[in-house]
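Asks: using only what follows, build the 3D model:
(2 chains)
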Amino acid sequence: MDEVAAHVVTALTGDLDHGFTVLYDAYRGAVFSTALRLCGRWAEAEDLSAEAFLRAYRALTGYDTDRIGELRPRAWLLTILMNLWRNSLRSAARKPPPGPLDAAPDPADPAEGVEAAAARHETGRELAGLLAGLPEAQRAAVVLRHVADLPVAEIATVLAMPEGTVKSHISRGLARLRTMHTKGAPDAF
Amino acid sequence: MRSDVPDPLHDPLHDPLAGELAALASDAPGTLLDRIVARRVQVPAPLGQVRVAFTDHGVAYLRAGLDKEEFTAAFRQRFARPLLPADRPPAGLLPALRDGRLGALPLDLRGLSDFEAAVLRAAAAIPRGQTRPYAWVARQAGRPKAVRAVGTALGRNPVPLLIPCHRVTRSDGAVGQYIFGAGAKERLLRQENVNLDEVAALAAGGVYFLGSDTTRIVCYPTCADARRITPAHRQGFRTLDAARAAGYRPCHHCRPGLTA
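Replies: Residues are numbered from 1 along each chain as shown, chains lettered A, B, ... in the order given. Predicted structure coming up:
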């Protein structure tokens, strides 16, 4: 287990409510980034992340010390998020199609020039839109690998599939993103 | 067939697409935590110090006589949500407790049944310094026969004092049960200048409604309009039907005549 995970698990075995804040601070970025790039909408990503953390807390209230000690907290949290996302896709399929993608506000980096920031923003928006066009499994694998920066073995745990399948989803997903990008604009990645 | 091109999985630094994807990572918005957790404070209230938990929706829980650990455990048991210390009470909480009026203070009543919510809404409408019988609340909540269930729902009131369930009393003049005990209920009502002795004396004499023979309007005895009736014009009634038979109509403020 990595140091962050060990720290989180130790905190969770003490006072649960304080431990929860340690868990939240360690993984809020991974959970929110994954939610945002999976569902593509800021408000929906907030709902999904809040629900995932709340469900995690509710599960933790029923776990004993041994069960908490065995937790791989990041993979566990992202598994909860993934299940919520899949459920939301299923219920969304029964509803009318949503409106256009929200523009997710990108925090400005003061060290970055105006033109560079604008270019990055444009590429980011385009790429975020393209991600929405990937099939579910490829999108999940690409987002977990390259946005949330998880190792392949951990993604295999989160998605409950063999590592070989994860790798193939990632490379097919990336290939498809390149193709879509080339079709949409002349300058390839 | 093996390729000499570096595998982007193992060499993300040299793959511009992987770089662009990594740039899509984003920290969670600062408001996210308070959509998940509740906050707790300890504040002064008419009965002494109380502990209060609130969420981004409003005040969710208020209890007296519990230490921090007991309050947290009770909150977790009921709401299954993390509870963290707050820097300050939510705006409007202290005046609401001091004045016995909710004002614009939002409450978070998620997790209550429709009936419980209806009972609490009815209780919330009872003005400071007045009382209503359990049967009145049952009628207001749309289930006139569910008088006992009203008592149960009020006993589970997550936010006593803020939703003044202490203003729901027995029609025989006794104050009835309360989350913080019958003694506390009586002290609260006396602090609000409810004349419990007069109400009990009237009830002992079989009087549960007061009317004015000048306006021909009949009220609950603690209604502000009933308290303005001068003794010379005051008429007591055992039932609303008796008042109606004598030509009185129910007050529009305390609404003794509401039927479901």
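Asks: now residue 89: closest residue in space that isn't a chain neighbour?
Replies: Since you didn't name a chain, this refers to chain A. residue A:136 (6.9 Å; CB to CB, 6 or more residues apart in numbering or on different chains). Any C-beta I mention is one placed from the backbone N, CA and C, and that applies to glycine too.
Asks: wrong chain, I was asking about chain B
Replies: With CB to CB, 6+ apart, the residue lying closest to residue B:89 is residue B:41, at 4.6 Å.
Asks: please apply the same query to residue A:141.
Replies: residue A:169 (3.7 Å).
Asks: quick one: is the longest helix along chain A near chain B?
Replies: In chain A, taking DSSP state H as the definition, the longest helix is helix A:16-39. Yes: interface with chain B: helix A:16-39 contributes A:16-17, A:20-21, A:24, A:28-29, A:31-33, A:36-37 (CB under 8 Å from any CB of the partner chain).
Asks: buried ones in that helix?
Replies: A:16-17, A:19-24, A:26-28, A:30-39 (16 or more other CB atoms under 10 Å in any protein chain shown).
Asks: go on, stretch A:65-85?
Replies: Buried-residue list, stretch A:65-85, by 16+ other CB under 10 Å: A:68, A:71-82, A:84-85.
Asks: what about residue B:102, how many neighbours?
Replies: Counted with other CB atoms under 10 Å in any protein chain shown, residues neighbouring residue B:102 total 18.
Asks: the one 3 residues further on now?
Replies: Residues contacting residue B:105 under the criterion other CB under 10 Å number 19.
Asks: isn't it up against residue B:93?
Replies: Yes: using CB atoms under 8 Å, residue B:105 is in contact with residue B:93, at 6.2 Å.
Asks: what is in contact with these two at once?
Replies: residue B:59 (CB atoms under 8 Å, 6 or more residues apart in numbering or on different chains).
Asks: contacts only, for the most centrally placed residue in chain A.
Replies: Centrality entry for chain A: nearest residue to the mean C-alpha point is residue A:34, 1.4 Å, by CA atoms, centre = their mean. Shown in contact with residue A:34 (CB under 8 Å, 6+ apart): A:78, A:81, A:143-144, A:147-148.
Asks: can you rerun that using 6 Å?
Replies: A:143, A:148 (CB atoms under 6 Å, 6 or more residues apart in numbering or on different chains).
Asks: for the record, mean pLDDT for stretch B:89-96?
Replies: Stretch B:89-96 shows a mean pLDDT of 96.
Asks: hmm, back to that, the residue nearest to residue A:141: which element?
Replies: Using DSSP states H and E, residue A:169 falls within helix A:163-184.
Asks: now that helix: mean pLDDT?
Replies: When pLDDT is averaged over helix A:163-184, the result is 91.
Asks: now do stretch B:35-48
Replies: Stretch B:35-48 comes out at a mean pLDDT of 95.
Asks: what about it, start to end distance?
Replies: Using CA to CA, to the nearest Å, the end-to-end distance of stretch B:35-48 comes out at 30 Å.
Asks: neighbours around residue B:212, how many?
Replies: Counted with other CB under 10 Å, residue B:212 comes out at 19.
Asks: and it, what does it touch?
Replies: The contact partners of residue B:212, by CB under 6 Å, 6+ apart, come to B:229, B:233.
Asks: who's it bridged to?
Replies: Beta bridges link residue B:212 to residue B:217, residue B:234 when assigned by DSSP bridges.
Asks: residue B:39: which element?
Replies: Element membership of residue B:39, judged by DSSP H and E, is strand B:38-45.
Asks: distance check, residue B:149 against chain A.
Replies: According to CB to the nearest CB, to the nearest Å, residue B:149 stands 28 Å off from chain A.
Asks: what do you get for residue B:85?
Replies: Distance, residue B:85 to chain A, using CB to the nearest CB: 10 Å.
Asks: backbone dihedrals for that residue, please?
Replies: phi -60, psi 150 (degrees, to the nearest 10).
Asks: okay, it and residue B:227: tell me how far apart.
Replies: If you measure residue B:85 against residue B:227 using CB to CB, to the nearest Å, the figure is 44 Å.
Asks: now residue B:186: phi and psi?
Replies: Note on residue B:186: backbone dihedrals following degrees, to the nearest 10 are phi -70, psi -40.
Asks: could you find the closest non-adjacent residue to residue B:211?
Replies: That would be residue B:218: by CB to CB, 6+ apart, it lies 3.8 Å from residue B:211.
Asks: circling back to that earlier point, ok, the strand holding residue B:39: who's next to it in the sheet?
Replies: Under the criterion DSSP bridges, strand B:38-45 sits next to strand B:48-55 (antiparallel), strand B:83-85 (parallel) in its sheet.
Asks: in CSV, list these along with mean neighbour count.
Replies: Formatted as CSV, the strands paired with strand B:38-45 follow (neighbours: other CB atoms under 10 Å in any protein chain shown):
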stretch, mean neighbour count
strand B:48-55, 20
strand B:83-85, 18
